[in-house]
Structures are given as structure tokens and as C-alpha cells.
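Student: No sequence on hand, only this structure:
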């Protein structure tokens, strides 16, 4: 990043008058009225207003901005033309104020322009446009190599004193506009604004911010998001590429609408919006860069030690039209080929400049085959790359030894730049943007030609995309290389289906052609098929080298990889919801704890799984490495603390003094103590002197305790829990030194700043709080999250990260208490955060079965660890009992025929589906899940009738009212929504201060039962709009509820392993149903109301006599958790679903399994017999996901 400078503030003169708020409001209302009357609601452009009012566009912009004084008569004229009378209250004299200081700058990946040749005239003109004329959009145009990027940086440096914010960004990797808008809004606003979903609304929000502040925004390499003007289709130059049209809308609106800021673009082509709006006296302008004049061009040549007579210099400058990059490249060629003799070079009359592409083509043609290979690899890598990395990707055996020599040659040719990184000390190699684009275009052309001609050379030696690349780079490779190749093939082959058939034929050809047992060709074709969205079922890739195939998210049913070399290809893993994370003290290993009770160890640099321990039958809620790194300790839902030897992978001991879920563990910095917190309300200390085998009770909270953290000196321990309180304990005396109150709901997590003194806490109340650890004073409340906050971590000295059920990660500057960046990517609740102990990196873990490694300060995602499980989360019978619906983690809704087992797939969700419900008449089906949406389907046809959006977090439960007119939904955004099923309108949002996991209507539709993330379940009176009863008795979450068919009883199921029966009339307890050895996932009454069924994480289903509370039957239903159950309308059968991906139909009287409906796993039937390039762990993982060895 370029250095920040802060010149002293200057006083402005007070001239003229400005509109007061009341006057500005009158003006805007008058304009809006005219737009309705004259334009049918369309907005006036600034130019149209100028013509309508009779003032210049610049004057109108100043008037609307309200920051610069104008003559009162000018304002009076404007008011008269709009039918208004200017009154004294409408205007005021502008206050004396200091010019803005450039105290806030973000230079992104801007070049260092300490050495900068010429462009004095251009800088002067551009500076005048920005500071004097206050242009809104300025485009710097010119062919590659003209120095647009360097000029934009130099310009921004020179005018930075006139702007409150300077933000410089490159579009070279074509980032989605949502990423750019999120970064700009996060920076400019200084707060974590909640961004609207629609890009149009985000642009409107940006413009509002640009009116309030004077900002300079720079977008470099805009041609990346524009269609090429050199293709076969005419008239496309300057138009945005498909998928990037919103950039054009951004440019247009920033040019048309009055604001106080400026957007500077650099591009090789003029964006269409600029061409439409620009004018010499208008606020949108463009400057076309031509070559450097003689003197400035000669300065470049002399810097390259080219000595010649003035006439020779002049001829060379004219020959290459003063193009700075062209001159640098040709100067290197003169040195290498002609020993620096310019005259000898000029005598070679074949070198004629027809554009930078011609020059680069000639230079590329002079390179060796090995040099071409490395140049293509640098274009694929798309960022500076280390020598070792380049050597590792070469397909030819032994070629890596030649890489250093070849790279030095390319550096001398000025085609490659050598960069020296200081932390860590390392040499990296990169391409200039113009060279990168040239080589990318050439690679795309070569790839298309080789595929169509069935002659593979470059595609055999290069991967068009790299499965093991950093996430943001792989995304760029797909957008800028793979997708353009597919577009080229589409032009020749006509349809996507034709392309797929052609590529499959080529793969079959490979199998009969020697030489494809090594190389990237088959992997490239497979990646093309994947990006095309082709069905890969049954594809035969046996015996081929399938390198660098990205197979993490693809169903590979019955694909044949027998005898294939799968080196560098990546697959999904089997882990489930990520609940806990911990870094080993050396930073090389990451431990993750999951809802299934598994613990995984990962090598953070490679992303490889090192180990998997089936730790316990319940969820792993917390992990902690001992300070020496030898031991990993896990706390789980079965109330146990387990110690694992990291080296051997053995569980060395299990501690069971807690009686509830162990929610948090923490070692003291010196390792003397292990602290534990539990849902049994207690905080315990375990001492190293007893080998952590016995504990003392340090203290208790009034409700479950969820989080712990030691102070850096180890003298105090802080705990937080469901009683909304933080408690500070002195270790030596065991006394509670302080109780800190402020949160209004459960505390979820606490974190202590590494330097001590500052404490952070987060809670279900949507807030993060900062506390002075010494005094207990609350220093700040950070309230930008829209749902509950689940995790926090100090990720560097000045940055706090927070995450939760709104799926975002927010980065806070703890000095300013402002949200500086919002990181997106997860598709469900983000439950865990952990900082890297030695790098500016951190990891997030989510219910979407992914972990993401993030880099600071860029906020880029470096790697995603993806898991896939086959859970069927929710199941229900249709009212006639003929069909069964299930929803699961594979984003699909399945409709099963009870008798035949045939199934239909309802596709539309983009996240796991955890809630399904039939309407009472059986005609409709509702589904909801992690994508925060509710889908309404027509059962007969499988047609999607509507998608309802209203929740801001995962939709956890759905239930239709008995008359079918309303649908109730709940989510972890703390809202219960009542929808009108006919219109799809949101009728009501119940004011329930809870996160509700389960809902149930009473048979008469007057009551709604709530199963919350709380020890108490509620019965809500819909007519009165308040709770009828709050039922207390469970010791942990009472999250599952069901009414009896006659509405007289309510059943509840809890994390505490019990179910309870309650009388609805008075809320009294009838029975406690104890016997399960795990959480109860669901409760269901039989249609006749005599039986209650419960499903549990102990894999069992139990049937209870409602009248007596006795357990009548119990059987092991699934290989792991039994999650969901439903009685058939005939009361003779029961269906269950579980984490094994199976739905099972049971006979009530005998407990016999009548039928199994099995959902196919991700890699069902995939043959990996004899496949190489797989570790033992990978092979076991693939088998768990359905792979076989035949």
C-alpha cells in the first residue's frame, strides 16, 4: 500500500448562500412532483434539469449538494422556475470549515509510482477536472502499455488533499460488483451498513454516501468487465460482459445523479455509459492517452542504457508511437539482440508497429518453447508466484530444474517482472497487466483451437484452472479463462449439449491414445464439463491423468476413475456442521469440531486432512490445544471433557464431572489450569498438578454458561452465559471480582485482547460489546449485525471479527469502533472464528459445512474446506398417507411414493433444507432452509409456485394452520412470520424475543407452540398477541414441540435428553419422559393421540404411552442420529429420517422396518479402484461419500 500523507487543513472562504435543510427539502419535493407530472415518474437527468431551469449543470449540482455558496439570486431564479418562493428560512450562509484532509486512503494493489516519466500536461488537465470542475466520472483511456494505471495512481496522489476518502481498486480479475460496492460502502460509511440484496439499491446507497462525503474512487482495468470490440459481433465495444451489466448501471448513475465525489476509470475501451454522458463542459469526461512526447520517451530509453543519436531516438519513438511499455520491451530486445545498438535494430525493417498486440506477438514468437510454457503458467496463476510453485506445476518430468534460467531470460525480455517480498523473504514472478491480458487471450484461442482440431499440446501441459489454487484466484481463472473457452466452443458447436457430447467423445479418444496417462488434458475437459453444468453420471475416465479437477461440489454418481491419476484434484470431505475451531500453537494445524461428534485435524498450508477422530456421539462444542501443543481437549454435548494426544491420535482420558453440555474450554497461558464451562451453570478449574483429572468448582451462573477466556496474565478468568452476565473470577482466591451487565439475551462468546485490558462479548441480542476489563465499564456497543452473533475473535492488534446467523463476518476497528469490512461467502450461520497465531489470517466455520481461511487486510478468501453430509433433516407424510416428503443437506426436496419408493426431486433451494410441511389438503408443500427462503410447491406437478423472502437467517420451522390459510415460519433472526398462503403476503410478525427452532399450531388454530433455543417452551395466544403459558422444567434447550390431536396436551423435547408432557389448559407438567441418552430431535403424537414418538441423537426411536408416560418400545433406527419422525394418517406406520441419509418406514405394533428410502450420496458408485494420487485419508473419505473399489 502506498504511504499515507496528511497535509494541514486549509480554511475555505465563506461565499454566497447555501440551501438550508428546509429549502433543500422543498426543492427536492418540487422536482419529484414535476417528474411525476411531466415524466411519468422517471427521474430528471442533470442535463434535463439544466434545460428545464435555465442554469448550468455545475450550478445545479452545487445547489443540490448544498456545500458551496451560490448567489442568492441564482437560487431564487431556480425556485421561481419550479413554482416556488424563496423564503429566508430556505437558505443560510455556509459555515467556515476546513478543507478535507486525506486522512483515509486505501490504495489496494496500486503501483508504486516513485519513478514516473512525464505526463505533466495530462496530470494538470485531469487535476483541473477533478478539483475545479468537480467532474463526477472521468475515464482515462488508451491502448495497453500507455501508462493508464500509473497515471491514475499519480493523479490520485496529487489530488488526495481534496478528498475525504481515496480508494483505488483493480478490476483485472473481474470481481463481482457486489464485492466492490461492499468494500466501498464499508470504507466510506465508516460503519457496517446492512447492505440491501438488490445491486440497484446498493448503488443508490453508495450515491447517498457520495453526497455526504467527497470521495475519489478509482477503478483500474475496466476493460476486463467490458465486451471486446474486436470480435465478430459488431457494436459490442464498451458494453459490459454478460453478468457484469450492473457496472454499466453504476457508471451511468454516478454520471447522471448529482453527488460530491468522483469516479476515475482506466480502460482500453470507452464504457458505453461514458460515451453517452460525456461532454467537454459536462460532469462526465474522458481523456485518451497517446504516446509519450519525444523527450519523455527518450528518458525511458536512456534509463534502459540505450544510447543513440537524436534522429535515431526520434525514429524509434515514432515507430512505436511513444508507447511506454512498448519502448521498455523493445529496449530490452535491443540490448539482448543488438548489444544495445539502436541503429542496427532500426535497419531491421520487418519490425513494424501495428499495436501493442503485434509487438507482444513478435516478442512471444521469439521465446523458446519452455519460455512459452512458463508465460502461460504465469497467465494462469494471475498473481506473483514463487519459483518453487512454478516448478511444481510443469507436466514434463525434470523440467523444474530449468525454471530459474528460463525466468531470468523472460525478465530480460521485459515480459516478466521479478518482485522481492520481504515477509517472508521470497522472490516472486509476475506479468504486467497488458502482457497478462495478451497471454490470457492467446491461451483461450489456443485452447479452443486444440479442442476443435483434436490436437493437444498446450492443454496437455497446462491447467486452465487449478483446483488447489486460492479461492479468489480459482474464481478468476473460471471467469477469465474457462468460461471464455466455453464461449468460443459455443460459437463453433452451437449448443451446450453439443459441447458436452463433443468433450465426452474426446475423453473416450484419450483412452485409446497413448500419452494421456500424464498431463492436464483430461482434467481440463472435465473442468469444462463441470463449468458447463453437465450431468457427469456414468462418465468413464479410467486410466487417464485427471489432474487439477475441482470436484468438491459435483455429484459423480457411477463415474469411473479406475486406474486414473487424480493428482492435484480436489474432492468434498465428509464433515458436518462446524461448531468449534482451534489452532495449534505453531499455526500449522487447525482442529475443527463438528455436530456429529467428530474432530478433524487439517494442515493449514495445503488444506489436507491429517486426521479424523470419532470423538463422541454428541456434538463437539469447544476445542482447546494445550500451550505446548501436545494435547487437544474437547468438550461435548454428552457432558464429557476428552483429552487427545495430537501425535498418536489416542484419547488419553475422559472427565465427567459436569452434568450438562461442556460449552467452553480454555487453558491458562502457562498451562497450569484448564477451565471449563457447562450448561449445568458451573465454571470448573482443573489443575495440571493432578494431570487435570480432578476439578474444583470456581463458581456458577444462574443459567447455562457458554464461554470462557483467561486474561493474558492468567490471573483472572472471565465467563459468560444465558443469564446475560459476564463474571470476572480471580484464580488465586476463587472470588468473583466483578459482574458486568448490559446484554439483553444469552451471551454466546467472549474474547480477551492479546494485550489485555480489553474484553469483547457477543450475544443472541444481535450485539457485540467492548468492555474495560479492569473497571468493568462497557466502552462500546457494536450493533450492526441483523441476527444473533455467535462468535468473535481478535484477529489482529486493532481488528475484531464477529459472525453469526446473518451469514456474514464483520471486521471492526477497535479504535474507531466502526465496521470496516463485511466478508461474505458462507451460506448459513457462522458459528466459529479463530485467529492464526502467527499470520494475518483467520478461519471461520459454519453450519453450511464449510470452513474458510481469510487473509488480512485484503479480506480475501484463500481456501474453502468443504464438507458434504447426507442428512435428511425433516420428514412428513402427506395427509392421504400416500407420499412422504423429506428435505436435507443436499439442497433438495424429495417427494417419495410410499408404496413404490419412486421419488421426485424439487430443485430450487441453494442451501440445506431443514423444514418441510404439507398443507392440510395435501395440494401444496412448503420448504425452507439455510438460503433464508420459503418455497411453495404444487404437489401434483412439482411446480414452484412462489418463493417468499422475509427471514434474515436460516428458516428453521414451517407449519400450516389447520384451515390451510396461513403458514407460520421461524428462523434464527428472532422472528416468527405468519404468511397468507393465498396471496403470499406477510400478515404478521410475532413479537417473540426468542430464537425459535420449532413451531406447532393447535388443532383449533388459536394457539401456536414455540420450541426455542431456551430452557422454556412457550404457548402463544394468537388472538391476544401474547404468551398464554411459558413452560419451565427442562434444563437445556426445549426446542421441539407438538400438540396432541385433541389440543389438550403439548409435548416438548429437549437437549437435556428428556421429553415432557404439559396440560395446555393451565400449563402444568403431566409427565417427564426420560430414557434417551442424547438430545431429542423431534416429538410427534400418533393420530389417535395415544402414543408419543421421540427421535434422538442416540440413534433410537422410542414410543411412549401418553396416559401413563411409560416407554412402550425402543429401537435403534439409524446408524447415527435419528433426526425427524412422522406418523402416517392410519396410525399404523411411522417414518423416520437420520444422518445416514436414509428414510425408514416402521410398523408401530412390531417396530419392524418395512421399507428404506435411501438418498444417494455425493459420490455414489464412483469407482476408484487402482486410482493414484489419493492419500489413505482421501480414499476413506471418498468411500464414506459413496465411492467403491470394483
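Tutor: Sure thing, it's come through. Keep in mind the model is a prediction, meaning the values are calculated, not measured.
Student: drop to CA atoms for contacts and neighbour counts, all remaining ones
Tutor: Noted.
Student: For stretch 537-556, buried residues please.
Tutor: Within stretch 537-556, the residues scored as buried using 16 or more other CA atoms under 10 Å are 537, 539-552, 554-556.
Student: For the stretch 401-550 of the chain, give me the ranges with low pLDDT.
Tutor: For the stretch 401-550 of the chain, applying pLDDT under 70 flags the ranges 412-414, 421-424.
Student: which residues in it form strands?
Tutor: Listed in chain order, the strands of the stretch 401-550 of the chain (DSSP state E, counting those that start in this stretch) span residues 417-422, 425-430, 550-551.
Student: Give me the sheet partners of the shortest one and which way each runs.
Tutor: Same thing as strand 550-551. strand 570-571 (parallel) (DSSP bridges).
Student: C-terminal to the strand it pairs with, what's the next element?
Tutor: strand 578-583 (DSSP states H and E).
Student: Now do the helix or strand just after that following strand: which elements does it pack against?
Tutor: Scanning forward in sequence from strand 578-583 by DSSP H and E, the next helix or strand is strand 589-594. With contacts taken as 3 or more CA pairs under 8 Å, 6 or more residues apart in numbering; DSSP states H and E, strand 589-594 sits against strand 578-583, strand 598-603, strand 620-625.
Student: Run a quick neighbour tally on residue 911.
Tutor: Close neighbours of residue 911, defined as other CA atoms under 10 Å, add up to 21.
Student: so it makes contact with residue 928?
Tutor: No: taking CA atoms under 8 Å as the definition, residue 911 is not a contact partner of residue 928, at 9.1 Å.
Student: could I get the helices and strands packed on strand 589-594 as CSV with mean neighbour count and mean pLDDT?
Tutor: Output for the helices and strands packed on strand 589-594, formatted as CSV (neighbours: other CA atoms under 10 Å; pLDDT from 0 to 100):
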stretch, mean neighbour count, mean pLDDT
strand 578-583, 26, 96
strand 598-603, 20, 94
strand 620-625, 26, 96
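Student: For those strands, could you give me a markdown table that also reports distance to residue 690?
Tutor: Below are the helices and strands packed on strand 589-594 laid out as a markdown table (distance: least, CA to CA, whole Å):
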| stretch | distance to residue 690 |
| --- | --- |
| strand 578-583 | 24 |
| strand 598-603 | 26 |
| strand 620-625 | 18 |
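Student: Ok, which of the ones you listed comes nearest residue 1186?
Tutor: When those are compared by CA to CA, strand 598-603 sits nearest residue 1186, at 18.9 Å.
Student: For that closest one, name the packing helices and strands.
Tutor: Other helices and strands packing on strand 598-603, by 3+ CA pairs under 8 Å, 6+ apart, are strand 589-594, strand 609-614.
Student: ok, residues contacting the last one?
Tutor: In this structure, residues lying in contact with strand 609-614 by CA atoms under 8 Å, 6 or more residues apart in numbering are 597-603, 649, 1177-1178.
Student: Same list (those residues) but as a markdown table, adding distance to residue 622.
Tutor: Formatted as a markdown table, these follow (distance: CA to CA, whole Å):
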| residue | distance to residue 622 |
| --- | --- |
| 597 | 11 |
| 598 | 12 |
| 599 | 10 |
| 600 | 13 |
| 601 | 14 |
| 602 | 17 |
| 603 | 20 |
| 649 | 18 |
| 1177 | 24 |
| 1178 | 26 |
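Student: Is the residue nearest the centre of the chain in a helix, a strand, or coil?
Tutor: Nearest to the mean C-alpha position of the chain, by CA atoms, centre = their mean, lies residue 825 at 1.1 Å. Here residue 825 is coil, with the state taken from DSSP: H, G, I helix; E, B strand; the rest coil.
Student: For it, give me its contacts.
Tutor: 807-808.
Student: any idea how far it lies from residue 849?
Tutor: Computed with CA to CA, to the nearest Å, the distance linking residue 825 and residue 849 is 12 Å.
Student: now swap in residue 1037 and tell me
Tutor: Distance of residue 1037 to residue 849, given as CA to CA: 23 Å.
Student: Equivalent analysis for residue 389, please.
Tutor: According to CA to CA, residue 389 and residue 849 sit 29 Å apart.
Student: out of these two, which sits in the more crowded spot?
Tutor: In terms of neighbours (other CA under 10 Å), residue 849 is the more surrounded of residue 389 and residue 849; the figures are 26 against 12.
Student: Residue 323 contacts residue 292, doesn't it?
Tutor: Yes: look at residue 323 against residue 292 with CA under 8 Å: they come within range, at 6.5 Å.
Student: When those two are compared, which one has more neighbours?
Tutor: A direct count of neighbours by other CA under 10 Å for residue 323 and residue 292 places residue 323 higher, at 25 against 21.
Student: List the contacts of the more buried one.
Tutor: Taking CA under 8 Å, 6+ apart as the test, what residue 323 contacts is 145-146, 290-292.
Student: now do residue 745
Tutor: So, once contact is read as CA under 8 Å, 6+ apart, residue 745 ends up touching 722-724, 763-765.
Student: how does it look with 10 Å?
Tutor: Residues near residue 745 by CA atoms under 10 Å, 6 or more residues apart in numbering: 721-725, 762-767, 788, 993-994.
Student: got it, and residue 25?
Tutor: Counting by CA under 10 Å, 6+ apart, residue 25 touches 19, 31, 64, 90.
Student: These into TSV, with extra columns for distance to residue 1128?
Tutor: Below are the contacts of residue 25 laid out as TSV (distance: CA to CA, whole Å):
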residue	distance to residue 1128
19	71
31	63
64	67
90	72
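Student: which of those has the most neighbours?
Tutor: Result: residue 19 is most packed of those (other CA under 10 Å), 27 neighbours.
Student: Grab the nearest non-local neighbour of it.
Tutor: residue 91 (4.3 Å; CA to CA, 6 or more residues apart in numbering).
Student: Quick one: neighbours of that neighbour, just the number.
Tutor: If you count neighbours by other CA under 10 Å, residue 91 ends up with 20.
Student: Surely it is in contact with residue 72?
Tutor: Yes: counting by CA atoms under 10 Å, residue 91 touches residue 72, with 8.4 Å between them.
Student: Find residues that contact each of these two.
Tutor: Common neighbours of residue 91 and residue 72 (CA under 10 Å, 6+ apart) are 16-19.
Student: Need the overlap of contacts for residue 323 and residue 292.
Tutor: Residues touching both residue 323 and residue 292 by CA under 10 Å, 6+ apart: 146-147, 317.
Student: Restricted to helices, list those.
Tutor: Among the shared contacts of residue 323 and residue 292, the residues falling in helices (DSSP state H) are residue 317.
Student: what touches both of residue 911 and residue 928?
Tutor: Counting by CA under 10 Å, 6+ apart, the shared contacts of residue 911 and residue 928 are residue 954.
Student: Which pLDDT value goes with residue 871?
Tutor: Listed pLDDT for residue 871 reads 87.
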